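Trainee: Fold the stuff below for me.
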Amino acid sequence: MDSLSDAFINLGALSVSIEDADIDSAEEYPLFLEPGFSEAQFHWSRNRVNVLVSNEENPLDMLNSALDHLAMSNKDVDYISVVELEELDWVSLVQSKFSPILVTERICIVSSINQNDIYSNITNTNPSNIHYIEINPGLAFGTGSHPTTSLCLSWLDNNIKERSSLLDYGCGSGILAITALKLGAERVVAVDIDSQAISCAKHNASINNVSLIVCAPEDMPFNTYEVVVANILSKPLQLMANKLYSMVQNNGYLVLSGILSNQIEDVVSVYLPNIKLHVWKEIDGWVCLYGKKYIE
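Mentor: Residues are numbered from 1 along each chain as shown. So this is what the prediction gives:
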């Protein structure tokens, strides 16, 4: 599917995204392939391709050209839908509507763009005791509004230790890594395989005035950490079980999120007998799992 995506981009598409067409019935594999995995190993049964084109382009002509380039035909396509979108700056729209989120009593996520009414939804709290995490919303996943992110932030607030080390694997906006630094962690690395997420995390670290190492997985500067947190999805977490476990120091913690409540057993069983995972908390059907690594 990468070849089809490249074909659309070369023909003038503004953006291309590919997702699991059966995501509503069964999550299969991650959208991005981790280092060491090939597309031949993991693929979706059916793909949904979303292509954004300008008004000057004919989407059906572009589709036929892309299929011709790959020696495919319309017979390889289940259905085609063309929708005309209103002209909007979607990133700016998301940024303008973002309100401060008080995740815990001392963690508040605020927009670096819209600073108006920063205390608007903060009641019965002492602002001087709150760590404000500034995020540029709309550029990468992780604003604190999704239950999976909120669950991880809650775990960090309750468990992070002064001067500890932490790896945020699949960092997105870098919100978890930045929060860990503000809570007292010292050696913190944020990793992602998406170049835009890496750029976004670096930017967010800069506006929060924290020293954060942001890189791709192959460029990680350290081998093990006291805390490894991964807020991704159930399938990638299962596929990378050995890798994530190996990066946790002895007596360190592994924290996993992006898991639905009906996926707990599948994830827990993959990590056994190396580490026993427990449910930290559940919000709206999403759970956060954590476990301590012991080596005799």
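
Trainee: Residues touching stretch 269-285, excluding its own?
Mentor: 147, 150-151, 154-155, 237-238, 241-242, 245, 248, 254-256, 260-261, 264, 267-268, 287-294 (CB atoms under 8 Å, 6 or more residues apart in numbering). (C-beta placed from N, C-alpha, C; glycine too.)

Trainee: Can you flag which of the residues you listed belong to helices?
Mentor: 147, 150-151, 154-155, 237-238, 241-242, 245, 264, 267-268 (DSSP state H).

Trainee: got JSON lines for those residues, with distance to E226 and neighbour count too?
Mentor: Below are the ones in helices among the contacts of stretch 269-285 laid out as JSON lines (distance: CB to CB, whole Å; neighbours: other CB atoms under 10 Å):
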{"residue": "P147", "distance to E226": "25", "neighbour count": "17"}
{"residue": "S150", "distance to E226": "22", "neighbour count": "23"}
{"residue": "L151", "distance to E226": "19", "neighbour count": "27"}
{"residue": "S154", "distance to E226": "18", "neighbour count": "17"}
{"residue": "W155", "distance to E226": "13", "neighbour count": "21"}
{"residue": "L237", "distance to E226": "19", "neighbour count": "26"}
{"residue": "Q238", "distance to E226": "23", "neighbour count": "16"}
{"residue": "A241", "distance to E226": "19", "neighbour count": "19"}
{"residue": "N242", "distance to E226": "19", "neighbour count": "10"}
{"residue": "Y245", "distance to E226": "14", "neighbour count": "16"}
{"residue": "I264", "distance to E226": "24", "neighbour count": "17"}
{"residue": "V267", "distance to E226": "22", "neighbour count": "20"}
{"residue": "V268", "distance to E226": "22", "neighbour count": "18"}
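
Trainee: Next, A177: secondary structure please.
Mentor: helix (DSSP: H, G, I helix; E, B strand; the rest coil).

Trainee: My error: substitute L63 in the last question.
Mentor: helix.

Trainee: So it sits against I80, correct?
Mentor: Yes - contact criterion CB atoms under 8 Å: L63 and I80 qualify, at 6.8 Å.

Trainee: So if I had to pick from those two, which one is more boxed in?
Mentor: L63 (21 against 9; other CB atoms under 10 Å).

Trainee: What's the separation between that one and S173?
Mentor: 33 Å (CB to CB, to the nearest Å).

Trainee: What of T224?
Mentor: 24 Å.

Trainee: the more surrounded of those two?
Mentor: Neighbours were counted for T224 and for S173 using other CB under 10 Å; S173 has more, 28 against 14.

Trainee: That one: what secondary structure?
Mentor: Once three-state DSSP is applied, S173 turns out coil.

Trainee: can you give me the offset of stretch 183-190 from its chain's centre?
Mentor: 18 Å (CA atoms, centre = their mean, to the nearest Å).

Trainee: Just the CA atoms of that stretch, as CSV, please.
Mentor: C-alpha atoms of stretch 183-190 as CSV (Å, rounded to 0.1, in the frame of the first residue of the first chain):
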residue,chain,number,x,y,z
LEU,A,183,7.2,15.6,37.6
GLY,A,184,10.9,15.2,38.3
ALA,A,185,12.3,12.5,36.0
GLU,A,186,15.7,13.3,34.7
ARG,A,187,16.8,11.0,31.8
VAL,A,188,13.9,10.9,29.4
VAL,A,189,13.8,9.8,25.8
ALA,A,190,10.8,10.1,23.4
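
Trainee: Which stretches in the stretch 151-296 of the chain count as strands?
Mentor: Secondary structure of the stretch 151-296 of the chain by DSSP state E, counting those that start in this stretch: the strands cover 165-169, 187-191, 213-215, 225-231, 248-260, 278-283, 286-292.

Trainee: Of all these, which one is nearest N74?
Mentor: strand 248-260 (35.4 Å; CB to CB).

Trainee: tell me the most buried of the strands of the stretch 151-296 of the chain?
Mentor: strand 165-169 (a mean of 26; mean count of other CB atoms under 10 Å).

Trainee: Need the mean per-residue confidence for that one.
Mentor: Averaged over strand 165-169, pLDDT sits at 98.

Trainee: Kindly report the same for stretch 9-24.
Mentor: For stretch 9-24, the mean pLDDT works out to 75.
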